[in-house]
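J.: 3D model of this:
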Amino acid sequence: LDRLDEMWEGVLHMVPPPSYAHQKLGSALLKALTPFEEAQGLSLLYETGIYRSDRDYRVPDLVVHRSGQESERGIERGPEMVIELRSPNDETYEKLPFYESMGVREVFVIDPATAVIELFVLRGGKLLPAVPDSSGVLRSEVLGVGLRSMGTKVGLVTSDGERALQ
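T.: Residues are numbered from 1 along each chain as shown. Presented below is the predicted three-dimensional model:
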């Protein structure tokens with residue numbers, strides 16, 4: 001089995017390989033967000049499994065977790081945040097109930113081809129769509145930064161300003 005494939009309640013879901021744009025944006029997010037996860041005392045990983053059991057796990061593109069949630073195989077309990085980068089015909093939105101049940105506080109969904117960004121925030125046990133602020137920024141409480149679409153690029157918004165990531 002490929003390391004990116006997922007097991008959904010005992011059913012194998014084969015995931016197509018990510019595109020160049022997908023990998024380029026994922027790598028840029030990893031580099032750009034590292035100082036913020038470190039400042040919060042968190043860890044940021046790329047393509048790491050989140051496990052409910054050996055027969056029920058998902059592999060988001062990026063995952064932010066607290067110390068003590070990791071094991072040899074991946075993340076064992078709901079992390080603080082995941083970032084899913086869309087691929088054509090993927091199952092990103094079908095993963096939301098799993099993330100919700102695992103207690104993931106924030107889920108960013110980003111389309112690398114269009115730079116459309118969505119944020120789902122856990123409120124009352126439900127992952128609900130967040131509303132961007134008046135400048136189009138979706139803010140992460142977990143990392144203390146924002147993301148917004150800058151045309152066809154994803155922008156990182158911090159207290160120091162804004163910059164395009166790809």
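
J.: now the helices: where do they sit in the chain?
T.: Remark: helices assigned in the chain by DSSP state H are 20-39, 96-101.

J.: Only the buried residues of the first one, if you could.
T.: For helix 20-39, the buried set under the neighbour-count rule, 16 or more other C-beta atoms under 10 Å, comprises 22, 23, 25, 26, 28, 29, 30, 32, 33, 36, 37. To be clear about C-beta, it is placed using only N, CA and C from the backbone, and glycine gets the same treatment.

J.: can I assume the last one is in contact with residue 45?
T.: It refers to residue 37. No. With contact defined as C-beta atoms under 8 Å, residue 37 does not reach residue 45; the gap is 9.5 Å.

J.: neighbours around residue 68, how many?
T.: Residues lying near residue 68 (other C-beta atoms under 10 Å) number 8.

J.: chain center to stretch 66-79: distance?
T.: 15 Å (C-alpha atoms, centre = their mean, to the nearest Å).

J.: Likewise for stretch 6-23?
T.: Distance, centroid of stretch 6-23 to centroid of chain: 14 Å (C-alpha atoms, centre = their mean).

J.: Could I get the CA-only coordinates of it as CSV?
T.: The C-alpha coordinates for stretch 6-23 follow below in CSV (Å, rounded to 0.1, in the frame of the first residue of the first chain):
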residue,chain,number,x,y,z
GLU,A,6,-6.1,5.9,3.9
MET,A,7,-8.3,3.4,5.8
TRP,A,8,-11.8,4.5,6.5
GLU,A,9,-13.5,2.2,9.0
GLY,A,10,-11.8,-0.8,7.4
VAL,A,11,-12.2,0.3,3.7
LEU,A,12,-9.1,1.2,1.8
HIS,A,13,-9.2,4.6,0.0
MET,A,14,-6.4,4.9,-2.6
VAL,A,15,-5.2,8.5,-3.0
PRO,A,16,-3.8,9.7,-6.3
PRO,A,17,-0.3,11.2,-6.1
PRO,A,18,-0.3,15.0,-5.5
SER,A,19,0.4,17.3,-8.4
TYR,A,20,3.4,19.6,-8.7
ALA,A,21,1.3,22.7,-7.6
HIS,A,22,-0.1,20.6,-4.7
GLN,A,23,3.4,19.7,-3.4
